[in-house]
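Visitor: the sequence and its predicted three-dimensional model are supplied below.
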Amino acid sequence: MKPIYLPLVFSLLAISGCSDKNNAEVTPSSVNDKETVSTAEVESDKKEEKCVIPEVEDYDKVGCLRDGLAGVIKQSNDEYDKTNRVGYIDKDGQLIIPFEFDAIVAGEGGESLEFNDFSEGLAAISKNDKYGFIDTKGKVVIEPKYEWASSFSNGLAIVSAEGLYGAIDKQGKTVIPFEYQALANFHDGFATAARPPKDPEDYESKYGLINKQNEVVIPFMYESMGNLSESLIALRKTVNGVMLIQKTKRLFR
């Protein structure tokens, strides 16, 4: 599949209003930050699932029910083991998956403890500073071996190894090779990505759009790129300009 060069329409910027959160730019820091659970996920026009939190006590943090389970954090009182553990409970507060996984330290100063919700039947977990995936029974289906991992979206999860990003399927098979400096979650079959600079003296990554076959849909020629939302995507090619491209079946066939 050859790259599709699309005309850029400046007037759409004023009409559509790029200040909307769904058109937020994707930058290396907003995708590569391993300290925040949600950083690899780029919001789309997909409707958000309602958050239902089980009414339970004795936990330091309780998450939303996803796939019938909610993550919980229990801080350790052991002076020799200060690891904060993550488990998963059902809607009635029954512990279904025991506290066998590590909480994710988030925030600039490490002031927040996080975990990943279940998505598409799997949850990204952390153990000994490596990331893998478990199913709703607590079985490890993808061994913790990655530097970082996102939740599954469109059947793929973004993971990192040796400082680069790719994507795996639910069997742990690499679908998108580890060749990107930044890679957002797939939505509607597409993902924003950034390639490392070809010139070692060039610090600027170039952004483009790929599909699930790792084919280039929008060329890697932009300084930053937002996400697909309501058939539009925000692009920036120059410091002072943000441009929108309309997504249609004809353009993205």
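Guide: Here it is on my side, so go on.
Visitor: can you list the low-confidence ranges for this structure?
Guide: Residue ranges of the chain with pLDDT under 70: 1-48, 78-83, 110, 200-202, 228-253.
Visitor: rerun that using 50 as the cut-off
Guide: Counting by pLDDT under 50, the chain shows low-confidence ranges at 1-25, 27-46, 248-253.
Visitor: tell me where it has helices.
Guide: Ranges of helices within the chain are 11-16, 28-32, based on DSSP state H.
Visitor: and for the closest residue to Phe133 other than its chain neighbours, the neighbour number?
Guide: Excluding the flanking residues, the one nearest Phe133 by Cβ to Cβ, 6 or more residues apart in numbering is Ile142, at 4.1 Å. Using the backbone N, CA and C atoms, a C-beta is placed for each residue, glycine as well. Ile142 has 23 neighbours, counted by other Cβ atoms under 10 Å.
Visitor: touching, Ile142 and Thr174? I think so.
Guide: No: counting by Cβ atoms under 8 Å, Ile142 stays clear of Thr174, with 11.3 Å between them.
Visitor: what residues are shared contacts of these two?
Guide: Ile168 (Cβ atoms under 8 Å, 6 or more residues apart in numbering).
Visitor: wait, what's in contact with Asp129?
Guide: Counted by Cβ under 8 Å, 6+ apart, Asp129 has contacts Asp102.
Visitor: quick one: it from Cys64, how far?
Guide: Asp129 is 25 Å from Cys64, where distance means Cβ to Cβ, to the nearest Å.
Visitor: what of Lys173?
Guide: Using Cβ to Cβ, Lys173 is found at 29 Å from Cys64.
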